[in-house]
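J.: Please find the sequence and the predicted model below.
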Amino acid sequence: QVQLVESGGGLVQAGGSLRLSCAASGFMFSQSIMRWYRQAPGKQRELVAGITSGGGPVYADSAKGRFTISRDNAKNTVFLQMNNLKSEDTAVYYCNLGYGTTSYGRPLTDFWGQGTQVTVSS
């Protein structure tokens, strides 16, 4: 079955950096669309960044210029490098399988990891 396991969250001072990882299994990772979302307390979950199977990235305005999404298809892992972190980046960050397929070609969409907490102190 689909598994998405995030890691790399933690407590960091404003201006610092963190690198989140999402280890994926249970689907054809190299052919998938992967995304990072975040949810701050009292707020709706929001898209942070996405990456296509070909590696093309998209970013929310809040992430442009500071965050970089990338993928390693050999390791079935998607990353989110976050630089110049701000207090408003404090949230639980979730890895999302936007679209993929099983090895038999069955489509899969909208699977979530358990999330990893990022806390930025000012």
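T.: That came through fine.

J.: Tell me how many other residues surround the residue lying closest to Thr102 once chain neighbours are set aside.
T.: Spatially, and ignoring its direct neighbours in sequence, Thr102 is nearest to Phe27 (5.7 Å; CB to CB, 6 or more residues apart in numbering). In short, each C-beta sits where N, CA and C put it, glycine included. Phe27: 23 surrounding residues under other CB atoms under 10 Å.

J.: so Phe27 sits in a strand?
T.: No: counting by DSSP: H, G, I helix; E, B strand; the rest coil, Phe27 is not found in a strand; it is coil.

J.: now what about stretch 48-64, what contacts it?
T.: 30-38, 46-47, 67-71, 78, 80, 88-89, 93, 98 (CB atoms under 8 Å, 6 or more residues apart in numbering).

J.: hmm, try it at 10 Å
T.: 20, 28-38, 46-47, 65-71, 73, 78-82, 86, 88-89, 91, 93-94, 96, 98-100 (CB atoms under 10 Å, 6 or more residues apart in numbering).
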